[in-house]
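Peer 1: Here's my sequence, what's the structure:
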Amino acid sequence: MVAPCPRLRACKTLNNYSRSMQAQPTPLGKSERQRLIGSIVTRRRVGTQFELLEALQAAGCVVTQATISRDIRELRLEKTHDPLGRPRYALPDGGRQVDPRETLASILTQFGRRATAADNIVVLQSELGSAPAIARALDRIEHPKVIGTLAGDDTCLVVARDARDAAALARELRSAIG
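Peer 2: This next block holds a predicted model:
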């Protein structure tokens, strides 16, 4: 039987020690992570949750997509476009109180495509990824004709009280879309 080489054992021990000393990503606290997210979206174009996940991981932050989704909602990040027309997340206007109707009008102008009434439902089509923002804006204005909203990626279903309200609402939304 051959005895193990003492040098080899020393090298393995050194390699294990070296690996353990490398910086390991660590989970950040909620406020630290959200500050980092704010910094990232301010400094560079981040258009998707996956891009934000990659940026956070590159900064050494361990995070899941579900956590990113919650952080985006809590930070009230807005989906806008950069000068080249590419989608990007942006922080809301420095805490300034914004009229929810202005927000809805802005989102519809940027992302809305068409609004069609079908019985008591309005089908509102938009750019990919913007339907949740449209639904949230509609919910915030507490429109008297809207009972509720349901959003996918590029389609928002707006439930009205009846067919007449849905038709009026569709006209109103088409007007805002332009």
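
Peer 1: contacts and neighbour counts: CA atoms only from here.
Peer 2: Fine.

Peer 1: can you tell me the average pLDDT over stretch 101-120?
Peer 2: The average pLDDT within stretch 101-120 is 91.

Peer 1: what distance separates it from the centre of its chain?
Peer 2: 19 Å (CA atoms, centre = their mean, to the nearest Å).

Peer 1: Could you list the buried residues of it?
Peer 2: By 16 or more other CA atoms under 10 Å, the buried positions in stretch 101-120 come out as 103-117, 120.

Peer 1: gap between the two ends of it?
Peer 2: Terminal residues of stretch 101-120 are spaced 22 Å apart (CA to CA, to the nearest Å).

Peer 1: repeat for stretch 117-126
Peer 2: For stretch 117-126, the separation between the terminal residues is 15 Å (CA to CA).

Peer 1: One more: stretch 87-103?
Peer 2: 17 Å.

Peer 1: So, low pLDDT: which residues of the protein?
Peer 2: Applying pLDDT under 70 to the chain flags residues 1-26, 93-98.

Peer 1: Show me where it has its helices.
Peer 2: Under the criterion DSSP state H, the chain contains helices at 6-21, 30-43, 49-58, 65-75, 100-111, 131-141, 163-177.

Peer 1: any chance of the ones you listed in CSV, plus distance to P87?
Peer 2: CSV is the format used below for the helices of the chain (distance: least, CA to CA, whole Å):
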stretch, distance to P87
helix 6-21, 39
helix 30-43, 12
helix 49-58, 11
helix 65-75, 15
helix 100-111, 10
helix 131-141, 13
helix 163-177, 18
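
Peer 1: Tell me which residue lies nearest the centroid of this structure.
Peer 2: What sits nearest the mean C-alpha location of the chain, by CA atoms, centre = their mean, is I72, with 5.1 Å.

Peer 1: how near is that residue to I121?
Peer 2: Applying CA to CA to I72 and I121 gives a distance of 28 Å.

Peer 1: before we move on, back to that, quick one: closest of the helices of the chain to H81.
Peer 2: helix 100-111 (8.2 Å; CA to CA).

Peer 1: Which strands or helices does that closest one pack on?
Peer 2: helix 131-141, helix 163-177 (3 or more CA pairs under 8 Å, 6 or more residues apart in numbering; DSSP states H and E).

Peer 1: Quick check: can you list the domain ranges of this structure?
Peer 2: As assigned by automatic domain parsing, the chain contains the domains 26-90, 100-177.

Peer 1: My read is that Q125 contacts T155, right?
Peer 2: Yes: judged on CA atoms under 8 Å, Q125 makes contact with T155 at a distance of 4.5 Å.

Peer 1: which residues do the two both contact?
Peer 2: Common contact partners of Q125 and T155 (CA atoms under 8 Å, 6 or more residues apart in numbering): A131.
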